[in-house]
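Would you be able to build a 3D model of this:
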Amino acid sequence: MRAIVITAQGGPEVLDHRELQDPVPGRGEVLVDVAASGVNFVDIYHRSGVYPVPLPTSIGSEGAGTVTALGPGVEGVAVGDRVAWVNVLGSYAERALVPADRLVPIPEDVSFEVAAASLLQGLTAHYLTHTTHEVKQGDTVLIHAAAGGMGLLLTQLAKLRGARVIGTVSTPEKEKAAREAGADEVIGYEGFAEQVKRLAPPGVDAVYDGIGKATFEGSLASARPRGVVAVYGVASGPVPSFDSQALTSRGSLFLARPSLVHHIAERDELLSRAADVFGWIGRGELKVTVSRRYPLAEARQAHEDLAARRTTGKLLLIP
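Okay, here's the model as predicted:
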């Protein structure tokens, strides 16, 4: 099979498209023919060294496809099942080994591409709007990178829960995408905290920040007293160390650095959140936008495009 492998962490040049022996499922594992793999910032973190990974390794952490073989001890899964998964390294490949207890069944009304495009970001949007800060009718929230794959889903879920959404974007094209997803106000990054305070004095109920270093100070300044700032990603780099007294001086803010892994650790929670996400998609309440599809061999280009923020919506690798 063909797969993307890294033998060292670094820039996009470390992504090596190579031939590997077909894997054999071990105890509790299944082998899946991969129909589509999601491209996410967490893959860039694995590739670059922000998040350490064992080397050498095949990267990619989200995918969808068809079960082709079962390892010993696997129950409740059959060859031919349509499945998706998240947080499983090795998804940039024609075939992937996935622990059976990490599989999510794909409903018939959801395609492989939509499943691969929606699971990681959909589950993240779910816990951010339902758990980190439970969005309520009448809330106002700030969503950074509102036209990205993550931002578009967050915007839609916040609107489904009755919130007013302020989104930040960097181009007119991205402003159009954010507004089509339901954003009520769309602003640029320059002086965004001041703009937010004009639009929503004395600040927003929650800030969803997947950018990190470049937006963190402004995110704190955008929240109302006792508001929530959720830094769920660090696309611009990790947030620098800061004096926690700043949370008090800005109004007893709540700062969260949540991760998907802790919100789907139990299988029941994984399946419950996934059922919600796929249900919203199936009913047409949540639209998933796949903006670009790349052959597996073009993983480097996909990483470059995502890191440079040249895209809107979700990027997929198609083995």
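
Check this structure for its longest strand and report it.
The longest strand of the chain (DSSP state E) is strand 29-39.

Please point out which parts of it sit buried.
Neighbour-count burial for strand 29-39, with 16 or more other CB atoms under 10 Å as criterion, is recorded at 29-32, 34-39. Any C-beta I mention is one placed from the backbone N, CA and C, and that applies to glycine too.

now these in CSV, with pLDDT?
CSV is the format used below for those (pLDDT from 0 to 100):
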residue, pLDDT
29, 98
30, 98
31, 98
32, 98
34, 98
35, 98
36, 98
37, 98
38, 98
39, 97
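
Show me the helices in this structure, by range?
Under the criterion DSSP state H, the chain contains helices at 41-48, 112-127, 149-160, 172-180, 192-199, 216-222, 245-249, 267-282, 299-307.

Residue 66: which of the ones you listed is closest?
When the helices of the chain are compared by CB to CB, helix 112-127 sits nearest residue 66, at 8.3 Å.

Can I get the closest one in CSV, CA atoms only?
This file holds the C-alpha atoms of helix 112-127, laid out as CSV (Å, rounded to 0.1, in the frame of the first residue of the first chain):
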residue,chain,number,x,y,z
PHE,A,112,-17.3,8.7,3.2
GLU,A,113,-16.0,12.2,2.3
VAL,A,114,-18.4,14.0,4.5
ALA,A,115,-17.7,11.5,7.4
ALA,A,116,-13.9,12.1,7.0
ALA,A,117,-14.5,15.8,6.8
SER,A,118,-16.7,16.1,9.8
LEU,A,119,-15.7,13.8,12.6
LEU,A,120,-12.7,15.5,14.2
GLN,A,121,-13.9,19.0,13.7
GLY,A,122,-17.6,18.1,14.3
LEU,A,123,-16.8,16.4,17.6
THR,A,124,-14.6,19.3,18.6
ALA,A,125,-17.3,21.8,17.8
HIS,A,126,-19.7,19.6,19.8
TYR,A,127,-17.8,19.6,23.0
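
Over that helix, what's the mean pLDDT, rounded is fine.
Mean pLDDT, helix 112-127: 98.

Equivalent analysis for stretch 299-316, please.
Averaging pLDDT along stretch 299-316 yields 93.

Next: stretch 185-203.
In this model, stretch 185-203 has an average pLDDT of 97.

still on that earlier bit, same list, the helices of the chain, but as TSV with mean neighbour count please.
Formatted as TSV, the helices of the chain follow (neighbours: other CB atoms under 10 Å):
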stretch	mean neighbour count
helix 41-48	22
helix 112-127	26
helix 149-160	26
helix 172-180	18
helix 192-199	17
helix 216-222	22
helix 245-249	11
helix 267-282	17
helix 299-307	20
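
Could you export these to a markdown table, including columns for distance to residue 55?
Output for these, formatted as a markdown table (distance: least, CB to CB, whole Å):
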| stretch | distance to residue 55 |
| --- | --- |
| helix 41-48 | 10 |
| helix 112-127 | 23 |
| helix 149-160 | 27 |
| helix 172-180 | 35 |
| helix 192-199 | 38 |
| helix 216-222 | 30 |
| helix 245-249 | 38 |
| helix 267-282 | 28 |
| helix 299-307 | 17 |
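
Taking the buried residues of strand 29-39 together, which two end up most distant?
The most widely separated members of the buried residues of strand 29-39, counting by CB to CB, are 29 and 39 (23.7 Å).

Next up, the contacts around residue 76.
By CB atoms under 8 Å, 6 or more residues apart in numbering, the contact set of residue 76 is residue 100.

Also the one 5 residues further on?
Counting by CB under 8 Å, 6+ apart, residue 81 touches 66-67, 103, 105.

Which of these are buried? Put it as a PyMOL command.
The PyMOL selection below is limited to those of the contacts of residue 81 classed as buried (16+ other CB under 10 Å):
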select buried, resi 66+67+103+105
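
What is the nearest of the buried residues of strand 29-39 to residue 77?
Nearest to residue 77 out of these is residue 30 (CB to CB; 5.7 Å).

From residue 180, how far out is the closest one?
Residue 30 sits 38 Å away from residue 180, going by CB to CB, to the nearest Å.

Count the residues that sit near residue 311.
Burial measure for residue 311: 17 neighbouring residues, criterion other CB atoms under 10 Å.

Mark out where each domain of the protein begins and ends.
If you go by automatic domain parsing, the domain ranges for the chain are 2-119+267-318, 137-257.

you'd agree residue 3 is up against residue 59?
No: with contacts counted by CB atoms under 8 Å, residue 3 stays clear of residue 59, the gap being 9.2 Å.
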